[in-house]
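*Asks:* Give me a model of this one.
(chains A, B, C and D)
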Protein chains: 2
Amino acid sequence: MSDEERNAILGLPCEFIDVAANHDFIRLGENSRHACLVAEGLVGRFAQTAAGARQIFALHIPGDMADLHSLVAPEASTGLQALSRSTMLAVPHAALLPLLDLYPGIGRAFWRDSIVDTSILSTWVLNLGCRSGGARLAHLLCEMAVRYALIGRGRDLRFDLPATQLHLAECTGMTSVHLNRMMMELRGRGLVRTRTPKIEIIDWKGLTELAGFDAGYLCLPSSAAEQVRLALRVR
Amino acid sequence: MSDEERNAILGLPCEFIDVAANHDFIRLGENSRHACLVAEGLVGRFAQTAAGARQIFALHIPGDMADLHSLVAPEASTGLQALSRSTMLAVPHAALLPLLDLYPGIGRAFWRDSIVDTSILSTWVLNLGCRSGGARLAHLLCEMAVRYALIGRGRDLRFDLPATQLHLAECTGMTSVHLNRMMMELRGRGLVRTRTPKIEIIDWKGLTELAGFDAGYLCLPSSAAEQVRLALRVR
DNA sequence: CGCGCAGTTGAGACCTCTCAATGTGAGTGG
DNA sequence: CCACTCACATTGAGAGGTCTCAACTGCGCG
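*Replies:* The predicted structure follows:
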């Protein structure tokens, strides 16, 4: 984006919103009039079956736009839930939409952001469809380690993931009971140490191998990839 | 889109490409220089694990843009495979990109198209994470019935789905053996009649209930929803 | 100090995979 | 027209992964 475009974005009106843990602040089927940027906390995008089973299909950490897509498809049938106490920055669609016509670069950047989300989502599909429970959990931990490192909140493969095991189970398509057993197995194998919400990856190589993790799907520019490597202090 | 924008699109240079069944015409990790519109056949977007397990996470039928996302994120790590003999219409990125700057409406329409793909993908995640094998298959059949009806290729809940059971298994995260058993169960319950590639849904209500299917995620404008109802001759 | 949520544990049922064999139909060459 | 071949669908049996349900533990918070 150009400086002009960047400034247009920074000049946008917005409003801080505080959300309690486990609160669905955008309900399923609700039409949203804002785009939400996560300022603090952890937010999950989810949907659920008629039977009540809930699936989380994206985790948003500080700095993420959680529902940019609502700009062009406000009727989307997914909800947004704070997994821990979170604060959001809500930007009205009414203020954002005109920028899209004025600055093609902004639209393209937003589109690209959606594509990255989709790439992550695709990888989650690959996980759910092709990998065992333990590998799915390991993959999620690898992903979050990299993403937290990227925003400067992970050092030495240690980071806070403010989600309960039930939340993680809803991400990885498992029962919380089974997730617990898988988590214990990762610990038992000496791959991670966890004590909610703290996660510490002890054996990065082992964990990524078990998970089949390759950070490519996060669509990092090569400069960022370098940065992650440094932040993780890996290799 | 305005007429002017529509005309700009129709004036784009393009090239027909014929692809044999089971041919990966965009390999994993390959950088694409074209956007592909499916003209005929069935195309799957896929990725695979290091162990070789393949997951299809989108099916594209005639009229779909199979990899619009490559325009803004050409390095995406997914492949494109023809599931049956297909013909594609390839539009060079070089010709498409300038339009994005000239016509904001085009960019927004493309973005919206990506969002719809993402919405479908989200629903596949919900399927994989929360539903049993039989329900996943039923859901896929419901989705394809609606989508084929929308492009005028489904009448009375009958349509051709030129994919093998192995392909369907790769879509739904099952073994082909298990998919076969689930397919036989759907038949046994009197929900569908199938004989590759023909699919006939006998009991729409029963199938949608088993699947927990709700067409909302396809993001149809209300006019199209009406149209589908007519095409399916349901309700 | 007690309540309640989150994590942990156990046992049995069920779903899905694995591997291997068999059936079936369309196309092909003789 | 028949034998052959190949891809795909179907079947069986046993192993393993995951779920269910129910109980129990540990810890933070009021």
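*Asks:* show me the contacts for A:Leu28.
*Replies:* Residues near A:Leu28 by CB atoms under 8 Å, 6 or more residues apart in numbering or on different chains: A:47-48, A:77-79. Where you see a C-beta, it was placed from the backbone N, CA and C, and this is true even at glycine.
*Asks:* for A:Ala21, same thing?
*Replies:* Applying CB under 8 Å, 6+ apart, the residues contacting A:Ala21 are A:82-86.
*Asks:* next one: A:Ala35
*Replies:* Residues counted as contacts of A:Ala35 (CB under 8 Å, 6+ apart) are A:65, A:67-68, A:70-71, A:90-91, A:93, A:96.
*Asks:* Which single one of these is nearest to B:Met174?
*Replies:* A:Asp67 (31.5 Å; CB to CB).
*Asks:* From chain B, how far off is that closest one?
*Replies:* 11 Å (CB to the nearest CB, to the nearest Å).
*Asks:* Name the nearest residue to that residue, ignoring sequence neighbours.
*Replies:* Beyond its immediate neighbours in the sequence, the residue positioned closest to A:Asp67 (CB to CB, 6 or more residues apart in numbering or on different chains) is A:Cys36, lying 5.5 Å away.
*Asks:* list the contacts for A:Arg189?
*Replies:* A:203, A:206.
*Asks:* taking the contacts of A:Ala35 one by one, which sit in strands?
*Replies:* Among the contacts of A:Ala35, the members found in strands (DSSP state E) are A:90-91.
*Asks:* Columns neighbour count, distance to A:Val43 and pLDDT on top of the contacts of A:Ala35, output as a markdown table?
*Replies:* Formatted as a markdown table, the contacts of A:Ala35 follow (neighbours: other CB atoms under 10 Å in any protein chain shown; distance: CB to CB, whole Å; pLDDT from 0 to 100):
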| residue | neighbour count | distance to A:Val43 | pLDDT |
| --- | --- | --- | --- |
| A:Met65 | 19 | 11 | 94 |
| A:Asp67 | 26 | 9 | 90 |
| A:Leu68 | 21 | 13 | 91 |
| A:Ser70 | 23 | 14 | 89 |
| A:Leu71 | 23 | 17 | 88 |
| A:Ala90 | 18 | 12 | 95 |
| A:Val91 | 20 | 15 | 95 |
| A:His93 | 16 | 18 | 94 |
| A:Leu96 | 20 | 19 | 93 |
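*Asks:* Helix or strand next in line after the helix or strand containing A:Arg187, which one?
*Replies:* If you go by DSSP states H and E, A:Arg187 is part of helix A:176-188. Tracing the chain past helix A:176-188, the next element assigned as helix or strand by DSSP H and E is strand A:192-195.
*Asks:* could you dump the contacts of A:Leu28 to TSV with secondary structure, neighbour count and distance to chain B?
*Replies:* Listed next are those as TSV, based on DSSP: H, G, I helix; E, B strand; the rest coil; neighbours: other CB atoms under 10 Å in any protein chain shown; distance: CB to the nearest CB, whole Å:
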residue	secondary structure	neighbour count	distance to chain B
A:Ala47	strand	23	5
A:Gln48	strand	17	8
A:Ser77	coil	18	5
A:Thr78	coil	25	6
A:Gly79	strand	20	11
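*Asks:* returning to what we had before: look up which helix or strand the residue nearest to A:Asp67 falls in, please.
*Replies:* strand A:34-40.
*Asks:* Flag every buried residue along that strand.
*Replies:* By neighbour count, and taking 16 or more other CB atoms under 10 Å in any protein chain shown as the criterion, the buried residues in strand A:34-40 are A:34-38.
*Asks:* go on, stretch A:117-137?
*Replies:* Going by neighbour count (16+ other CB under 10 Å), the buried part of stretch A:117-137 is A:117-131, A:133-137.
*Asks:* how much space is there between the residue in chain A that DNA strand C sits nearest to and A:Arg54?
*Replies:* Evaluated by CB to the nearest atom of the strand, chain A has A:Gln165 as its residue closest to DNA strand C, separated by 3.2 Å. Going from A:Gln165 to A:Arg54 by CB to CB, to the nearest Å gives 14 Å.
*Asks:* need the contact list for A:Leu37.
*Replies:* Taking CB under 8 Å, 6+ apart, we find A:Leu37 in contact with A:14, A:63-66, A:88-91.
*Asks:* go on, A:Ile106?
*Replies:* By CB under 8 Å, 6+ apart, the residues touching A:Ile106 are A:1, A:5, A:8-9, A:99-100.
*Asks:* from memory A:Leu59 sits against A:Phe46, does it?
*Replies:* No. Assessed by CB atoms under 8 Å, A:Leu59 is found out of contact with A:Phe46, at 10.2 Å.
*Asks:* ok, A:Ser222 - how many residues close by?
*Replies:* A:Ser222: 7 surrounding residues under other CB atoms under 10 Å in any protein chain shown.
*Asks:* Next one: it from A:Ala215, what distance?
*Replies:* Distance of A:Ser222 to A:Ala215, given as CB to CB: 12 Å.
*Asks:* the domain parsing of chain A - what is it?
*Replies:* Using automatic domain parsing, the domain parsing of chain A gives A:3-120, A:132-232.
*Asks:* Next, the distance between the ends of the first one.
*Replies:* The reference is to domain A:3-120. Between the opening and closing residues of domain A:3-120 we find a distance of 28 Å, counting by CA to CA, to the nearest Å.
*Asks:* repeat for the shortest one
*Replies:* From the first residue to the last, domain A:132-232 extends over 26 Å; the measure is CA to CA.
*Asks:* one step back: filter the contacts of A:Ile106 down to the buried ones, PyMOL style.
*Replies:* A single PyMOL command selects the buried members of the contacts of A:Ile106 (16+ other CB under 10 Å):
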select buried, chain A and resi 5+8+99+100
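*Asks:* Reformat the contacts of A:Ile106 as a markdown table; add secondary structure and distance to chain B.
*Replies:* Compiled in a markdown table, these are given as follows (DSSP: H, G, I helix; E, B strand; the rest coil; distance: CB to the nearest CB, whole Å):
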| residue | secondary structure | distance to chain B |
| --- | --- | --- |
| A:Met1 | coil | 13 |
| A:Glu5 | helix | 12 |
| A:Ala8 | helix | 14 |
| A:Ile9 | helix | 16 |
| A:Leu99 | helix | 10 |
| A:Leu100 | helix | 6 |
